[in-house]
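Student: Quick one, fold the following:
(chains A and B)
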Amino acid sequence: MATIDSATLKTTLQRVAEGTAAAAAELNAADGQLGDGDLGITVSKGFAEAAAADLPADVGLAFLECAKAFQRVSSSSYGTLVATGFMAAAKGSKGSETLDVSAIPALVAAARDAMMARGKGELGAKSVLDSLDACAQAIDGASADDMAGKAVQAARDTLTAFKGRPCKLGRARMFAEKSAQLDDPGQIAFLRIVEAAFPQSA
Amino acid sequence: MKKILNDPADYVDEMLEGFTAAHPEFYAQPERRVIARPQGATKGKVGIVTGGGSGHLPVFTGYVGPGFLDACAIGDVFASPSAEQMASAIRHADGGAGVLRLYGNYGGDVMNFDMAGEMVEMENDIATSTVLLADDIVSAPKEEAAKRRGVAGMIYAFKIAGACADTKADLAEVTRVSQKAADACRSIGMALTPCIVPQAGKANFELGENEMEMGMGIHGEPGIWRDALRPADQIVDEMIDRILADHSFAEGDRLSVLVNSLGATPLEELYIMYRRVRQRFADIGAEIVMPLVGRYATSMEMTGATITTIALDDELERYLKAPAACAYWRVG
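Tutor: Okay, here's the model as predicted:
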């Protein structure tokens, strides 16, 4: 697959919606250790709404529709960050009906930067931003065939890399000692998202 | 919990239904949780939108009207509206000359309004700008003033921004004047009792029968001290001293002052406070222009008050005095 279009995006969203629905209980439990325990609901509801949305043919406007759908049902901070990521991808791809796969690393990097700016978060604080950054770096320059596998591996490696380190962002930062022993719920959610998006690589 | 309501889940929507029915000359609800002027946006004028959680009437919704705001997005009690509602409010405020987002500095509101701006820029080619109110002096030290919460100073910013936009000034000019108004405001609050969010059903904090808290936020955010209730003059003196430490006034300066009820404090007590406020600025030799005493920005049924000052120059004073009308404040 060398290009993606609105239809490809929709089928990917449907896989992610199914995958995150299956992971909702796991994510709620992980979030419940450090936060308010609704991350699984946030993510699965958001992707279900995005997957059900009527996506326009323009890839950029399709990403915008995803952002709006996600935000509509999941306006928590994680939901808003995911929507922000979609919005950055929308800006970077507006005006074309097909997108070359080689454009994806730049869109992921743009999503990372926009999410950092919106959430005023930094890399290294043990959050979803670290997963996204690792993913952006891993797929930069990768061939179309390798990209999915590298994204999934980067998401896994991020969880491993942060084992034993405290969360310094969001509500979890108030439980430094406890958070060090636990995986960051946002990073787990990101892994489940990319695993569902690219099942052949998971 | 003792409140006049039907189902707590319907609290905001039923409130808006009554609100627009009572004042149809000022407010229409073109979409759910979006209040706009009934005649629509004014062509060629910069639109001004605000937004935020319910529970603060007359802020935010009440200040839609000629010489004030064009539209407002409304969230649940003390909760941000969604980015889509905010985008919808921006579209309803757009008269073709761009839209200023003018609202309080709260994390959820900022994230959602930024996203709303991006949405309308992509979908509707509407140029937008932002001015945040950060006037609550106790919520962060002066060196970090940009982190402060936005409270009752919003009233002055709405008024001045609206008057500037009415001159058909462009978006950059309306933004500049609104930022200047926002920067000139200083506020501080104090509370005697908590309030109850309908869907929570219980008070969000507790204060002893004879206690007060200084510096409390409009959602019950903790203040700077809690102690026995003091006489009115002592309370006002501390509030004014803290404002003056943040923004000094000298002889011959002009300012406006708002003494605002957080919901349950009666006008009588606000006038007792204003009496002392006036004495303090008379001692300095600063002149108070258009003082406001009443219920302008509230926190449900919280007992307590806020004091806001806005330092005026000729430009801000002219816009403050320009004609405007909404159901809660008429000028000229």
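
Student: Report all helices and strands that the helix or strand of chain B with the lowest mean pLDDT contacts.
Tutor: One helix or strand of chain B scores below all others by mean pLDDT, DSSP states H and E: helix B:107-124, with a mean of 92. Under the contact criterion of 3 or more C-beta pairs under 8 Å, 6 or more residues apart in numbering or on different chains; DSSP states H and E, helix B:107-124 touches helix A:59-73, helix A:77-93, helix A:104-119, strand B:47-54, helix B:83-93, strand B:99-104, strand B:128-133. The C-beta positions use only the backbone N, C-alpha and C, and glycine is treated the same way.

Student: Try it again at 7 Å.
Tutor: The contact analysis (3 or more C-beta pairs under 7 Å, 6 or more residues apart in numbering or on different chains; DSSP states H and E) places helix B:107-124 against helix A:59-73, helix A:77-93, strand B:47-54, helix B:83-93, strand B:99-104, strand B:128-133.

Student: Please name the nearest non-neighbouring residue to A:Leu182.
Tutor: Distances taken as C-beta to C-beta, 6 or more residues apart in numbering or on different chains put A:Gln33 closest to A:Leu182, at 5.6 Å, once the chain neighbours are dropped.

Student: ok so, going back, now the least confident helix or strand of chain B: buried residues?
Tutor: By neighbour count with 16 or more other C-beta atoms under 10 Å in any protein chain shown, helix B:107-124 contains the buried residues B:108-120, B:122-123.

Student: Pick the one among those residues closest to B:Ser178.
Tutor: B:Phe113 (14.3 Å; C-beta to C-beta).

Student: Check the contact between the closest one and B:Met86; I expect there is one.
Tutor: Yes: when contacts are counted by C-beta atoms under 7 Å, B:Phe113 is listed as touching B:Met86 (5.2 Å).

Student: tell me, what's touching those two both at once?
Tutor: Shared contacts of B:Phe113 and B:Met86, defined by C-beta atoms under 7 Å, 6 or more residues apart in numbering or on different chains, comprise B:Gly51.

Student: just the strands in chain A please.
Tutor: All strands of chain A, identified by DSSP state E, fall at A:3-5, A:98-100.

Student: Flag every residue of chain A that's near chain B.
Tutor: Within chain A, the residues that sit near chain B (C-beta under 7 Å from any C-beta of the partner chain) are A:64, A:68, A:71-72, A:75, A:80, A:83-84, A:87, A:90-91, A:94, A:118.

Student: May I see those arranged in CSV, with neighbour count as well?
Tutor: Compiled in CSV, the residues of chain A next to chain B are given as follows (neighbours: other C-beta atoms under 10 Å in any protein chain shown):
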residue, neighbour count
A:Leu64, 25
A:Lys68, 23
A:Gln71, 29
A:Arg72, 19
A:Ser75, 24
A:Thr80, 29
A:Ala83, 32
A:Thr84, 25
A:Met87, 30
A:Ala90, 27
A:Lys91, 18
A:Lys94, 16
A:Arg118, 22
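
Student: Closest one of the buried residues of helix B:107-124 to A:Lys168?
Tutor: Closest to A:Lys168, out of all of those and judged by C-beta to C-beta, is B:Met111, at 19.3 Å.

Student: Let me see the contact set for that closest one.
Tutor: A:Thr80, A:Arg118.

Student: Packing partners of the helix or strand harbouring B:Glu213?
Tutor: Taking DSSP states H and E as the criterion, the element that holds B:Glu213 is strand B:211-214. Packing contacts for strand B:211-214, counted by 3+ C-beta pairs under 7 Å, 6+ apart, involve strand B:185-191, strand B:225-228.

Student: if you set the cut-off to 8 Å instead, what comes out?
Tutor: strand B:185-191, strand B:225-228, helix B:232-246.

Student: tell me the contacts of the residue of chain A positioned farthest from its centre?
Tutor: Residue distances from the centre of chain A (C-alpha atoms, centre = their mean) peak at A:Glu177, which lies 26.0 Å from the mean C-alpha position. Residues counted as contacts of A:Glu177 (C-beta atoms under 8 Å, 6 or more residues apart in numbering or on different chains) are A:Pro166.

Student: Could you list the single helix or strand in chain A with the lowest mean pLDDT?
Tutor: Every helix and strand of chain A was ranked by mean pLDDT, DSSP H and E. The lowest is helix A:176-181, at a mean of 85.

Student: related to what we said a few turns ago, save the helices and strands packed on strand B:211-214 as TSV, and put in mean neighbour count too.
Tutor: TSV is the format used below for those (neighbours: other C-beta under 10 Å):
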stretch	mean neighbour count
strand B:185-191	28
strand B:225-228	12
helix B:232-246	17
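
Student: With distance to chain A and mean pLDDT as extra columns, can I get those in TSV?
Tutor: Output for the helices and strands packed on strand B:211-214, formatted as TSV (distance: least, C-beta to the nearest C-beta, whole Å; pLDDT from 0 to 100):
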stretch	distance to chain A	mean pLDDT
strand B:185-191	24	97
strand B:225-228	22	96
helix B:232-246	24	98
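
Student: quick one on the thing from earlier: any chance of the strands of chain A in TSV, with mean pLDDT and mean neighbour count too?
Tutor: Output for those, formatted as TSV (pLDDT from 0 to 100; neighbours: other C-beta atoms under 10 Å in any protein chain shown):
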stretch	mean pLDDT	mean neighbour count
strand A:3-5	93	17
strand A:98-100	95	15
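
Student: Tell me how far the closest residue to A:Leu123 other than its chain neighbours lies from chain B.
Tutor: Sequence neighbours aside, A:Asp133 is the residue nearest to A:Leu123 in space, at 5.4 Å (criterion: C-beta to C-beta, 6+ apart). Using C-beta to the nearest C-beta, to the nearest Å, A:Asp133 is found at 20 Å from chain B.

Student: Now do the contacts for the closest residue in space to B:Cys185 that isn't next to it in sequence.
Tutor: Excluding the flanking residues, the one nearest B:Cys185 by C-beta to C-beta, 6+ apart is B:Gly153, at 3.1 Å. Listed by C-beta under 8 Å, 6+ apart, the contact partners of B:Gly153 are B:Leu133, B:Asp135, B:Ala182, B:Cys185, B:Arg186, B:Ser187, B:Thr308, B:Ile310.

Student: isn't the fourth one right up against B:Phe158?
Tutor: No: in this structure, B:Cys185 is not within contact of B:Phe158 by C-beta atoms under 8 Å, at 11.2 Å.

Student: Report how many residues lie close to residue 62.
Tutor: Unless you meant another one, I'm taking chain A. 29 (other C-beta atoms under 10 Å in any protein chain shown).

Student: looking at chain B here, not the other one
Tutor: B:Gly62 is flanked by 25 other residues according to other C-beta under 10 Å.
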